[in-house]
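> Predicted model follows, preceded by the sequence.
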Amino acid sequence: MFTSRAEERRSAVGALQQAVRTAGGEPEDEGSVTGAAHRMFLNLKQAVTGSDDKAIVNEVERGEDYLKDKFETAINNTELGASARSAVQTAWESVRAGHNEMSQLKHSMQSH
């Protein structure tokens, strides 16, 4: 499940980067993106180290919440061109599906 989500995200990032280039821009430098991803990874690593499945799922869901908020902001941007809007919409669908999947998993674990 996690591997599938990671592959979807890599594909979405590639499409978003291409949309930025097509619009004549340069995609955000990897420094800020890598920094945010690194912080999320450290939090997830800490949860995994404790071998607590619920903690892992909670951390993944927290990351999904963060992404969901960012993409909701992007979708509401009225200045996006057609190709950028399409790339954001595709990425948003992956983020929303991942968020819902983690939320359902979290709730199923709480009922046990």
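Now that the structure is in, tell me what you want to look at. These figures come from a predicted structure and were not determined experimentally.
> Now do the buried residues in the helix or strand residue 107 falls within.
According to DSSP states H and E, residue 107 maps onto helix 82-110. Neighbour counts over helix 82-110 (16 or more other CB atoms under 10 Å) mark 84-85, 87-88, 90-92, 94-95, 98-99, 101-102, 105 as buried. Where you see a C-beta, it was placed from the backbone N, CA and C, and this is true even at glycine.
> can you check stretch 67-74 too?
Buried, per 16+ other CB under 10 Å, within stretch 67-74: 67, 68, 71, 74.
> now stretch 13-20
Across stretch 13-20, burial judged by 16+ other CB under 10 Å covers 15, 16, 19, 20.
> With respect to residue 110, which of the residues you listed is nearest?
For the buried residues of stretch 13-20, the closest approach to residue 110 (CB to CB) belongs to residue 16, at 33.4 Å.
> these two touch, right, the closest one and residue 28?
No. In this structure, residue 16 is not within contact of residue 28 by CB atoms under 8 Å, at 9.3 Å.
> Which neighbouring elements make contact with the helix or strand where residue 62 lies?
In this structure, residue 62 sits in helix 53-75 according to DSSP H and E. Under the contact criterion of 3 or more CB pairs under 8 Å, 6 or more residues apart in numbering; DSSP states H and E, helix 53-75 touches helix 30-49, helix 82-110.
> Can you flag the weakest of those helices by average pLDDT?
With a mean of 57, helix 30-49 has the lowest mean pLDDT of these.
> The helix holding residue 62 to helix 82-110, inter-axis angle?
160 degrees (axes from the mean of the first three to the mean of the last three CA atoms, to 10 degrees).
> Which residue lies nearest the spatial centre of this structure?
Taking CA atoms, centre = their mean, the centroid of the chain lies closest to residue 67, which sits 4.5 Å from it.
> Identify the residues contacting it.
95, 98, 99 (CB atoms under 8 Å, 6 or more residues apart in numbering).
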